[in-house]
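Visitor: Show me how the following folds:
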Amino acid sequence: MLCSTRYTHLLLASILTALTFHYPKSNAQLTSTFYSTACPNVSSIVTSAVRQALQSDSRIGASLIRLHFHDCFVNGCDGSILLDVGGNITQSEKNAVPNNNSARGFDVVDNIKTSLETSCPGVVSCADILALAAEASVSLSGGPTWTVLVGRRDGLAANQAGANTSIPSPFESLANITNKFSAVGLNANDVVALSGAHTFGRAQCRFFINRLYNFSGTGSPDPTLNTTYLATLQQNCPQNGSGTTLNNLDPSTPDTFDNNYFKNLLTNQGLLQSDQELFSTNGSSTVSIVNNFAGNQTAFFQAFAQSMINMGNISPLTGSQGEIRSNCRKVNGS
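Guide: Okay, the predicted model is just below:
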């Protein structure tokens, strides 16, 4: 893997100020020093666990960042995606369409929680674990690092219906996806930057099989797909084959966090419909952003770091709200 790109806090702050990034509205104030006294080793504990997980599962980094993404888009960043059915939780977000048989990494979160409960019991929320694990996953895979803002508390409820409607789908148009981002205070720059997380990880055939054989009910493949890439995908995902076969989101460097994802879009080799539409939608502001990120990895890394901070600030619970779960899978006392 590439060495992690490290930015100093001062440099990143000055760049972000100059570029005037959009921040989602929030009633809470998260800070980088929330655990400085109560659990000063929290970041190193999380990073060590993610590093160990990556040694046996190269996909886990992408899976952990996806958990944080899918958590924040439903009820805000409150750890609700981690809750199993039981007690007052009658429907789990894990069983929602965007997560069922595809969301993974829950065991790694459990391991992190166990380590933190040993080191500083009752202090670190599961919601913050997701945010910290996402940053560690990116930096350990060659991507940027950023100062994770923490202080979230864990929610007391899950929202399966919300997960089914609020999480952007790989089958949706760019307009619909942009609207879902806008609904949680994120803009077009966030859409493109966060989509860049598809520079590592895998996707099952079922999430793009329609593009290969019957795009939009036409009986033909998606015309925006590179023909050579189409042939490769059809070989890996035959029409009546297993919908769960895994495919690299970035065929060139599938386990490295870099800007090759955007270079792939320029040659019509975006795996998911939602990926390629960032570049193939005429007149969209996303086209120029894709071009910028494809030609300037530093710009992508800076934007991605800020967009992760933006996303992590979606409606967090703080103070007397929520709780600090002792087990990320269930509400305390259940």
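Visitor: which other helices and strands contact the helix or strand harbouring residue 107?
Guide: Secondary structure from DSSP states H and E places residue 107 in helix 106-119. Using 3 or more Cβ pairs under 8 Å, 6 or more residues apart in numbering; DSSP states H and E, the elements in contact with helix 106-119 are helix 42-56, helix 60-72, helix 126-140. Every C-beta, even on glycine, is put in place using the N, C-alpha and C of the backbone.
Visitor: So which elements touch the shortest one?
Guide: By that I understand helix 60-72. Here helix 60-72 touches helix 42-56, helix 106-119, helix 126-140, helix 297-312, going by 3+ Cβ pairs under 8 Å, 6+ apart.
Visitor: For residue 205, which of those helices is the nearest?
Guide: Closest to residue 205 of these, according to Cβ to Cβ: helix 106-119, at 22.9 Å.
Visitor: Now do that closest one: everything it contacts.
Guide: With Cβ atoms under 8 Å, 6 or more residues apart in numbering as the test, helix 106-119 has contacts from 39, 41-42, 45-46, 49-50, 53, 60, 64, 67, 82, 94, 123-124, 126, 129-130, 133, 325-329.
Visitor: circling back: what angle do the helix holding residue 107 and helix 126-140 make?
Guide: Note on geometry: by axes from the mean of the first three to the mean of the last three Cα atoms, to 10 degrees, helix 106-119 and helix 126-140 are set 110 degrees apart in direction.
Visitor: What ranges does this structure have for its helices?
Guide: For the chain, the helices identified by DSSP state H occupy 9-19, 42-56, 60-72, 106-119, 126-140, 160-166, 174-183, 188-195, 209-213, 227-236, 260-266, 273-280, 286-295, 297-312, in order along the chain.
Visitor: Could you tell me the least trusted of these?
Guide: Of all those, the minimum mean pLDDT falls on helix 9-19 (a mean of 34).
Visitor: re earlier: figure out which of the helices and strands packed on helix 106-119 is closest to residue 313.
Guide: Checking the helices and strands packed on helix 106-119 against residue 313 by Cβ to Cβ gives helix 60-72 as the closest, at 8.8 Å.
Visitor: Measure how the closest one sits relative to helix 126-140, angle-wise.
Guide: For helix 60-72 against helix 126-140, the angle by the same axes, to 10 degrees is 140 degrees.
Visitor: Check which residues of helix 60-72 are buried.
Guide: Using 16 or more other Cβ atoms under 10 Å as the test for burial, helix 60-72 gives 60-72.
Visitor: ok, now which ones touch residue 78?
Guide: 71, 127, 152, 153, 154, 155, 315, 316, 317, 322.
Visitor: repeat that with 7 Å
Guide: For residue 78, the contacting residues are 127, 152, 154, 155, 316, 317, 322, by Cβ atoms under 7 Å, 6 or more residues apart in numbering.
Visitor: TSV please, covering those and showing distance to residue 276.
Guide: What follows is the contacts of residue 78, written out as TSV (distance: Cβ to Cβ, whole Å):
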residue	distance to residue 276
127	32
152	34
154	36
155	34
316	32
317	36
322	38
